[in-house]
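>>> the following comprises the amino acid sequence and a computationally predicted model.
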Amino acid sequence: MAPILEVRSAVKRFGGVAAVNRVSLALEKGRIYGLIGPNGSGKTTLFNCITGVDHVDEGLILLNGLRVDRLKPHQIFHLGVGRTFQVIRVFPELTALENLLVVTTAGYAEARGRAEELLVRVKLERLAGEFAGNLSYGQQKLVEFIRVLMTDPELILLDEPAAGVNRTLLNDLLDAVRALRDQGKTVLLVEHDMKVVMGLCETVFVLDHGEKLAEGAPGVIQADERVIEAYFGR
Amino acid sequence: MRRTLPVALGFLAVALALYPLEATGYGLRVGLQLFMWIALAQSWNLISGLTGYVSFGHVVFFGTGAYTASLLVNAGMPWPLACLSGGAAGALLALIIGWPCLRLKGPYFAIAMLGLNEVMRVIVSYAEGLTGGGNGLSLPTLDASRSIYYAMGLVAAAVTAVTYAIVTSRFGLRLMTIREDEVAAEAMGIDTLRYKIYAFMLSAIGPGIVGGLSARDQGYIEPISVFPLIMTITMIVMALFGGKGTIWGPVLGAVVLFIFQEAVWARFVYLHQLLFGAIIVAVVLLMPRGILGVLQQKYNLPRTI
Amino acid sequence: MSVLITPTMVGQVVISGLLAGSIYALVALGLGLIFGVMRVLNVAHGPLMMLGAYTTFGLFQRFGLNPYLSVLVSMPLLFLIGVVLQRFLVRRVVDAPELSSLLLTFGLSIALVNLAQLAFTSDLRSVEYLTGSFVVGPFAFSKPRLAACAFAVTITAGSFLFLRGTRLGKAIRAVSQSREVAQVCGIDVQRIHLLTFGLGSALAAAGGSLVAVMVAIQPEMGQVYTFKSFLVIVLGGAGNYPGALLGGLLLGLVEQLSSLFLTAQVNEAVAYVLLVLVLLIRPTGLLKGRV
């Protein structure tokens, strides 16, 4: 079965530094993947390259076999890719509801229906008319999460979904991610919280200084000496 | 409350419509110019207030519309149609300029617009064969002040109505996301370039038509009179002062500052520009959201203010 | 226009271009410093230059002071003015959205130009000091331009020595690269901002003083330099100080070269088209800058 996402020898340089250096990975449909690595290892840069916010200098990125590394972010979005950001990027002067309505090109009634349904699912329906900038951190995080789900993307990229989130909310989020996987979606998440990664992901990629260090099941990765070295130094 | 507003507006509309019957020539001109400024400030708001891309050379559309309409009138076209063509010319110019320049980040777009007005003025002066160059262009004499008053009023009302329609639509929301966070907007599937171009073109139509109407009213135009920096400045001050990004803000700003302008400018020509400069500085530092913007935030008013 | 273009003409034009470009580089360096350190697009840069020119004129008229020496007065004067403007106005918008700093400096530029109109009237002034040219072989070097270039090069070189060699200069470059890191290293960023705006204004004033001998002095004379300084920054790369030098010279060259083929009026359009082209094709500038 063809992978839903394939990154082939991607290289991204900033000045003289290669933030992403010959990274290759392949994601199979319907699984949850994790992307970990020490700070500065290139995780968010890789995300940016996959979603079109940045462009790779060398290498290819294929989505369902289609080359996407030269496309603009909005085009990649419409091919069925959704993402959240490391630092929450909701639109602060739009209401929670408007944040959701704005991303879909579906008819108003249909969009509104889906938006309200998602808001109910995360128990935010009372805050639908509240400006997103006025919401609490956790609430904004949820809005950003369901915003991704508005257009029902096939591939979902989550950048540090657990950051700054309390236990209860986190469990809800993790359940939601598992539910997405059960629906046949593919999820790739960047995370620092090892418990989350180990408990949720089926396969984990490890980046260090822009290179892929290891790849495998969580248990295997945890025991890998190179990974331990990368995190805790030599 | 809901019923009083439309009724009040209705009365106002009727009063404005009947005004020319009583007004003197000067009074008519004042009313006509007020409508013009409302249209200009409101149009600037469409691009700069909603998307956050500041247009520093917006008067270029006014001048382009003025010349287009004048040339067409001299070629025999009836002036209403010529003025509408002025609007179309403005939109076309916006498309040509916008397509390359709106790709740039906000500050760089601003730089590009700073230069554009000067370039157009120079080009118009240069193309003497067509535009009469520095000698200007005359139109056949016509006393149509009253009709132009109504026409300007219509344009002002139309631009305000269009702003209302946009702000309450998803199109408007998408424009605002560009202002809020362009990177996130792109990542969320919004083709920001296309939306910016649409907004830019829409913002150029008003000035284009109004430029044509103004030219028809004055009967004579020359490069410096229709591409003056002070016009861009005034537009910006009016929209900023009243509240950019709001619907009635530019109207409020236009009315207040126009009255102020009539009271002060008549006496102190130089002070006028200086005061506008000071007002811009004051507004940016003290109430960058303008009067209505501040009220909106303080009293949690809806966006349709 | 079917005049044959000879190598001599091209050579002459190249010389004129470099001479003019040195002034552009000087003024643009000032703008570039302000932008690099504070991310503020100083639309009032041209008017600051204009004030430098008027200072030179005033000193020349009142005291007969050598215009080139008046740089020693106009630079400190505008440095102080710059510091005051930064302290009370610009400082408030350094961290605001870029729109705010653009509008603020825009308002400021209008105010400055009109204050000048009130104080000096719009009458054209000039400083008649140096005229004529040195003729070397087939080439003519305009004396005022040559002198201006010499001073511009000196001041610019001095600025670079300052930026590279002194602690303060290094601090400025540090803040320009990363404000947070500079703060953590114990640099007083507010002070650096004050100094940078003052320095940028001083450089603009120097440019104004130098061109006072060559062009008509009037309140609006600076506007075109504002735009051209932006163009130079874009050409050389934002935050890239040697790039500003290169960009200035390049602009001077392109302008003079295009005057061979086009009329003087269309020159303005050339600068504009160049700006748009560079912004589209290579927005980070010819030498790498930070967008």
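Noted; the coordinates are in hand.
>>> report how many residues lie close to A:Gln86.
A:Gln86: 14 surrounding residues under other C-beta atoms under 10 Å in any protein chain shown. (Glycine included, C-beta is placed from N, CA and C.)
>>> now do the contacts for it.
Counting by C-beta atoms under 8 Å, 6 or more residues apart in numbering or on different chains, A:Gln86 touches A:Thr44, A:Asp159, A:Glu160, A:Ala163, A:Val190.
>>> mind checking which helix or strand it is in?
A:Gln86 belongs to no helix or strand when assigned by DSSP states H and E.
>>> ok, what's across the strand from the closest residue to it other than its chain neighbours?
Leaving aside its chain neighbours, A:Gln86 sits nearest to A:Asp159 (4.4 Å; criterion: C-beta to C-beta, 6 or more residues apart in numbering or on different chains). Beta bridges link A:Asp159 to A:Val190, judged by DSSP bridges.
>>> report the lowest-confidence entry in the contacts of A:Gln86.
Lowest pLDDT within the contacts of A:Gln86 is found at A:Ala163 (86).
>>> still on that earlier bit, from what I see, the residue nearest to A:Gln86 and A:Phe47 are in contact.
Yes: applying C-beta atoms under 8 Å, one finds A:Asp159 in contact with A:Phe47, separated by 5.8 Å.
>>> neighbours of the residue nearest to A:Gln86, how many?
23.
>>> again with A:Phe14
11.
>>> quick check: phi and psi at it.
Backbone geometry at A:Phe14, expressed as degrees, to the nearest 10, gives phi -120, psi 110.
>>> need the pLDDT of it.
85.
>>> who in chain A is up against chain B?
By the rule C-beta under 8 Å from any C-beta of the partner chain, the part of chain A lying against chain B is A:51-53, A:72-74, A:77-78, A:83, A:85, A:89-94, A:98, A:101-105, A:108, A:147, A:151.
>>> buried only: go through those residues for me.
A:51-53, A:72-74, A:77, A:83, A:85, A:89-91, A:93-94, A:98, A:101-104, A:147, A:151 (16 or more other C-beta atoms under 10 Å in any protein chain shown).
>>> what are the buried residues along the helix or strand bottoming out on mean pLDDT in chain B?
When each helix and strand of chain B is scored by mean pLDDT, DSSP states H and E, helix B:128-131 comes last, with a mean of 74. Residues B:Thr131 are the ones in helix B:128-131 that count as buried (16+ other C-beta under 10 Å).
>>> same deal with stretch C:61-78?
In stretch C:61-78, counting by 16+ other C-beta under 10 Å, buried: C:Leu65, C:Pro67, C:Tyr68, C:Ser70, C:Val71, C:Val73, C:Ser74, C:Met75, C:Leu77, C:Leu78.
>>> show me which of the contacts of A:Gln86 is closest to B:Gly57.
A:Thr44 (37.3 Å; C-beta to C-beta).
>>> count of residues packed around the closest one?
A:Thr44 has 19 neighbouring residues, counting by other C-beta under 10 Å.
>>> name the helix or strand for A:Arg22, please.
Using DSSP H and E, A:Arg22 maps to strand A:17-27.
>>> after that strand comes which helix or strand?
Toward the C-terminus from strand A:17-27 - assigned by DSSP H and E - lies strand A:32-36.
>>> what angle separates that next one from strand A:17-27?
160 degrees (axes from the mean of the first three to the mean of the last three C-alpha atoms, to 10 degrees).
>>> what lines up beside strand A:32-36 in the sheet?
Using DSSP bridges, strand A:32-36 pairs in its sheet with strand A:186-190 (parallel), strand A:203-208 (parallel).
>>> any chance of these in CSV, with mean neighbour count too?
Below are the strands paired with strand A:32-36 laid out as CSV (neighbours: other C-beta atoms under 10 Å in any protein chain shown):
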stretch, mean neighbour count
strand A:186-190, 24
strand A:203-208, 23
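>>> please work out which residues outside the lowest-mean-pLDDT helix or strand in chain C touch it.
The helix or strand of chain C with the poorest confidence is helix C:267-281; it has a mean of 78 (mean pLDDT, DSSP H and E). With contact meaning C-beta under 8 Å, 6+ apart, helix C:267-281 is reached by B:100-101, B:103-104, B:108, B:111-112, B:115-116, B:118-119, B:122-123, C:224, C:227-228, C:230-231, C:234-235, C:251, C:254-255, C:258-259, C:262, C:285-286.
>>> please state the offset of it from the chain centre?
Centre-to-centre, helix C:267-281 and its host chain are 18 Å apart (C-alpha atoms, centre = their mean, to the nearest Å).
>>> now do the helices in chain A.
In chain A, the segments counted as helices under DSSP state H are A:43-51, A:73-78, A:96-101, A:108-121, A:137-149, A:167-182, A:194-200, A:218-223, A:225-232.
>>> residue contacts, A:Val102?
A:Val102 sits in contact with A:Phe91, A:Leu94, B:Arg170, B:Leu173, B:Arg174, B:Thr177, B:Met188, B:Ile190, where contact means C-beta under 8 Å, 6+ apart.
>>> show me what contacts the first one?
Applying C-beta under 8 Å, 6+ apart, one finds that A:Phe91 lies in contact with A:Glu98, A:Asn99, A:Val102, A:Ala132, B:Met176, B:Thr177, B:Glu180, B:Asp181, B:Ala184, B:Ala185.
>>> give the contact list for the residue in the stretch 51-200 of chain C that chain A sits nearest to.
As assessed by C-beta to the nearest C-beta, chain A sits closest to C:Gln177 within the stretch 51-200 of chain C, at 11.6 Å. The contact partners of C:Gln177, by C-beta under 8 Å, 6+ apart, come to C:Gly239.
>>> repeat that for B:Arg103.
The contact partners of B:Arg103, taken as C-beta under 8 Å, 6+ apart, are B:Leu193, C:Leu280.
>>> that one should be in a strand, yeah?
No: going by DSSP: H, G, I helix; E, B strand; the rest coil, the assignment for B:Arg103 is coil, not a strand.
>>> how much space between it and A:Val7?
27 Å (C-beta to C-beta, to the nearest Å).
>>> please see if whichever strand or helix holds B:Ala263 touches chain C.
B:Ala263 belongs to helix B:249-265 when elements are defined using DSSP H and E. No: legend: contact between helix B:249-265 and chain C by C-beta under 8 Å from any C-beta is lacking; minimum distance shown is 12.7 Å.
>>> C-terminal to that helix, what's the next element?
As assigned by DSSP H and E, the chain's next helix or strand after helix B:249-265 is helix B:269-286.
>>> near chain C, which residues of the stretch 151-300 of chain B are found?
So far as C-beta under 8 Å from any C-beta goes, the stretch 151-300 of chain B lies against chain C at B:233, B:236, B:240, B:270-271, B:273-274, B:276-281, B:284-285, B:288.
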